[in-house]
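S.K.: Compute the structure for the input listed below.
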Amino acid sequence: MIYKLLFQSIVFICIYLLTLSSNVNANFKTNFFDTLNTKYGSFPESLRIEMREQSRSMFYFAYDSYMKYAFPLDELNPVNCSGRGPDYDNPSNININDVLGDYCLTLVDSLDTLAILGNASEFQHAVEQVIKH
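M.R.: I've put the predicted structure just below:
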């Protein structure tokens, strides 16, 4: 009997707090985002376009370097600018072999970015290379 009464009281309190918090939560969100916008503002359109182009440029620098120096291995070793794949000589080297599976890892990882950037021809070429290798 006492547990039933305790349970009902807890449910009532939770419902009451939720109705209160919905109004508080709405005010909090509004005030929080207004404060952020006031403090940090937003990107002007020209800066947004500049940042977009810099991001695109950085992606293609890395992607083209991988395709030139490392493909079809899994990743580009930036220190000596060569490809790196599984350690066939030492199968117990799980630090490398657990991640690098000889399936063009960087190329697979780049597919979504190529799609987002809208480069349909390179996306199609990359998919063909993944299937081939």
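S.K.: residues touching Glu75, list them.
M.R.: Contacts were defined as Cβ atoms under 8 Å, 6 or more residues apart in numbering; by that measure Glu75 touches 66, 83-85, 100, 105-106. For the C-beta atoms, the positions are set from N, CA and C on the backbone; glycine is no exception.
S.K.: Next, find the distance separating it from Leu47.
M.R.: Separation of Glu75 from Leu47 (Cβ to Cβ, to the nearest Å): 32 Å.
S.K.: re earlier: give the buried subset of the contacts of Glu75 as a ChimeraX selection command.
M.R.: Selection of buried members from the contacts of Glu75 for ChimeraX, criterion 16 or more other Cβ atoms under 10 Å:
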select :66,84,85,100,105,106
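S.K.: now, the most widely separated pair of the contacts of Glu75?
M.R.: The span of the contacts of Glu75, defined through Cβ to Cβ, is set by Tyr66 and Leu100 at 13.5 Å.
S.K.: those strands in this structure, which residues are they?
M.R.: Assigned by DSSP state E, the chain shows strands spanning 75-77, 82-84.
S.K.: Give the pairing partners of the first one; include direction for each.
M.R.: For strand 75-77, the paired strands and their directions (DSSP bridges) read strand 82-84 (antiparallel).
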